[in-house]
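Q: here's my sequence, what's the structure:
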Amino acid sequence: MPDFKTTRVIGLMSGTSLDGLDCCCADFYQDNTGYQFKIIAAKTFTYSVFWKNKLQQAFYLPPEKLAELSAEYGLFLSECVNQFQKEFKLENGIDLIASHGHTVFHQPAKGITVQIGDGEILNKKTGIRVINDFRIKDVQLGGQGAPLVPVGDHFLFSDFDACLNLGGFSNISFIHNNERIAFDIGPANLPLNILCQRFFNCDFDRNGEISKSGNLLEDLRSELNDLNFFKIQPPKSLGFEWLKEEYLTVIEKYIHENPADLITTVTQQVADQIIKVTENYHLKSILITGGGAYNDNLINYLKKSNIQIIIPSPEIVEFKEALIFAFLGYLNLNNSINTFKSVTGAREDSTGGIRHFGHQQ
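A: Alright, predicted model coming up:
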């Protein structure tokens, strides 16, 4: 039976780009036509230099220090949620917090995926039920534990041939052979941000202005496109480890070239792989979200293909992932499947997420 009762959820998302913590409060319910949502409030808490450095270095921490950081980050999450509620006058009206946390390790082939942000602390400090650790169950079932957003694409954004998110990595979701599939296509904002910080003293290539000023380095473009990951069939997903060990290693060979040329070439290569996927699967209308949707040069590269590009409202562009993690929490709360084996390659569909319901208002 459809559930007409509205559930109010705050979704928390911290991406690999390290822009900040996205908070999205939304109401969800199910009617005779399917799942419905309404965004109530949304805000990004930009990371301070302190937190940006902490999260960048988390990859190198020993286990006990990582556990300490997870607790500290859980406290930070709770402070953001409490401030968010106060700012938007949401106190006492929230049924659930669904927290993605911040990914430190993602090596599904080894059965490892680690997202920090202690759910018990978040529950205790907010007094709101919390669901987090959405990826681990799928990894334990032999899946990639990623991407998880396609479940939201399937139920909330089914009007488009595909949903493409341009975050730290680019990932895509669409129906193929009557089932939803999704996978990471390749890097997107992350290597561009690293190059901007290294050479231009800025966090990212605003509107693609730097990449518009450079020239293509065809050898670099070719070498990046030749990396083995791009030849692997889905399901597949990426983590910072791969970026560091393979993608950035190739770029480093060309590091003495004009920095603007490096950024132009990486932007083109990001587009190359997206276009290749859309052509292989005959995708036409594509909803684009994530920070990369504002990179005019990247979007212009994509427009040179036959893709019909739809960029939605800024609210959806910037907060779609946080919105969908809120939805994944809503599905878990209703004991519904929120992870598709067709997407992750797991043995079976599952309901991912660990509940922390001990401290309630």
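
Q: ranges for the strands of the stretch 151-300 of the chain?
A: For the stretch 151-300 of the chain, applying DSSP state E, counting those that start in this stretch gives strands covering 162-166, 169-176, 179-187, 285-289.

Q: okay, those in JSON lines with mean neighbour count next?
A: Where you see a C-beta, it was placed from the backbone N, CA and C, and this is true even at glycine. As requested, the strands of the stretch 151-300 of the chain are exported to JSON lines (neighbours: other Cβ atoms under 10 Å):
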{"stretch": "strand 162-166", "mean neighbour count": "26"}
{"stretch": "strand 169-176", "mean neighbour count": "22"}
{"stretch": "strand 179-187", "mean neighbour count": "23"}
{"stretch": "strand 285-289", "mean neighbour count": "21"}
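
Q: would you turn these into TSV with mean pLDDT and distance to Thr339?
A: Formatted as TSV, those follow (pLDDT from 0 to 100; distance: least, Cβ to Cβ, whole Å):
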stretch	mean pLDDT	distance to Thr339
strand 162-166	96	16
strand 169-176	94	13
strand 179-187	93	11
strand 285-289	96	20
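
Q: those strands: which one's closest to Ala42?
A: Nearest of these to Ala42, taken as Cβ to Cβ: strand 285-289 at 12.8 Å.

Q: so what's His154 up against?
A: Applying Cβ atoms under 8 Å, 6 or more residues apart in numbering, we find His154 in contact with 173, 180, 340.

Q: any idea what the second one is bridged to?
A: Legend: beta-bridge partners of Arg180 under DSSP bridges are Ile175.

Q: pull up the gap between Gly111 and Gly74, please.
A: Spatial separation of Gly111 from Gly74 under the definition Cβ to Cβ, to the nearest Å is 24 Å.

Q: more neighbours, those two?
A: A direct count of neighbours by other Cβ atoms under 10 Å for Gly111 and Gly74 places Gly74 higher, at 25 against 11.

Q: right, and the more buried one touches Asn123 too?
A: No. In this structure, Gly74 sits apart from Asn123 without contact. The criterion is Cβ atoms under 8 Å, and the distance is 9.1 Å.

Q: do you know which of the strands of the stretch 151-300 of the chain lies nearest Leu90?
A: In this view, the strands of the stretch 151-300 of the chain are compared for proximity to Leu90 by Cβ to Cβ, and strand 285-289 is the closest at 23.6 Å.

Q: what ranges does the stretch 1-150 of the chain have for its helices?
A: Secondary structure of the stretch 1-150 of the chain (DSSP state H, counting those that start in this stretch): helices at 49-57, 63-87, 119-126, 136-140, 150-156.

Q: buried residues in the third one?
A: Burial within helix 119-126, assessed by neighbour count using 16 or more other Cβ atoms under 10 Å, is assigned to 119, 121-126.

Q: what of the shortest one?
A: Residues 136-139 are the ones in helix 136-140 that count as buried (16+ other Cβ under 10 Å).

Q: and the contacts of that helix?
A: For helix 136-140, the surrounding residues in contact (Cβ under 8 Å, 6+ apart) are 108, 111-113, 144-145, 148, 339, 344, 346, 350-354.

Q: highest neighbour count among these?
A: Neighbours were tallied for each of the contacts of helix 136-140 (criterion: other Cβ under 10 Å), and the maximum of 30 neighbours falls on Thr344.

Q: that one reaches Pro150, doesn't it?
A: No. With contact defined as Cβ under 8 Å, Thr344 does not reach Pro150; the gap is 9.1 Å.

Q: do you know how far Lys110 is from Ala271?
A: 31 Å.

Q: those two: who's more crowded?
A: Set Lys110 next to Ala271 and count neighbours by other Cβ under 10 Å: Ala271 wins out with 23 against 9.

Q: and the pLDDT for the more buried one?
A: pLDDT recorded at Ala271 is 98.

Q: before we move on, what about the one 4 residues further on?
A: At Ile275 the predicted local confidence, pLDDT, stands at 97.

Q: what sits against the nearest residue to it once chain neighbours are set aside?
A: Counting by Cβ to Cβ, 6 or more residues apart in numbering, Ile275 lies nearest to Ser305, which is 4.6 Å off, once chain neighbours are set aside. With contacts defined as Cβ under 8 Å, 6+ apart, the neighbours of Ser305 are 275, 278-279.

Q: go through the helices of the stretch 1-150 of the chain and name the closest to Glu223.
A: Nearest to Glu223, of all the helices of the stretch 1-150 of the chain, is helix 49-57, at 25.8 Å by Cβ to Cβ.

Q: what is the closest one packed up against?
A: In this structure, helix 49-57 makes packing contacts with helix 63-87, judged by 3 or more Cβ pairs under 8 Å, 6 or more residues apart in numbering; DSSP states H and E.

Q: so what does the helix it packs on touch, helix or strand wise?
A: strand 7-14, strand 20-31, strand 34-46, helix 49-57, strand 96-107, strand 112-116, helix 119-126.

Q: so what does the shortest one touch, helix or strand wise?
A: Which is strand 112-116. Strand 112-116 packs on helix 63-87, strand 96-107, helix 136-140, going by 3+ Cβ pairs under 8 Å, 6+ apart.
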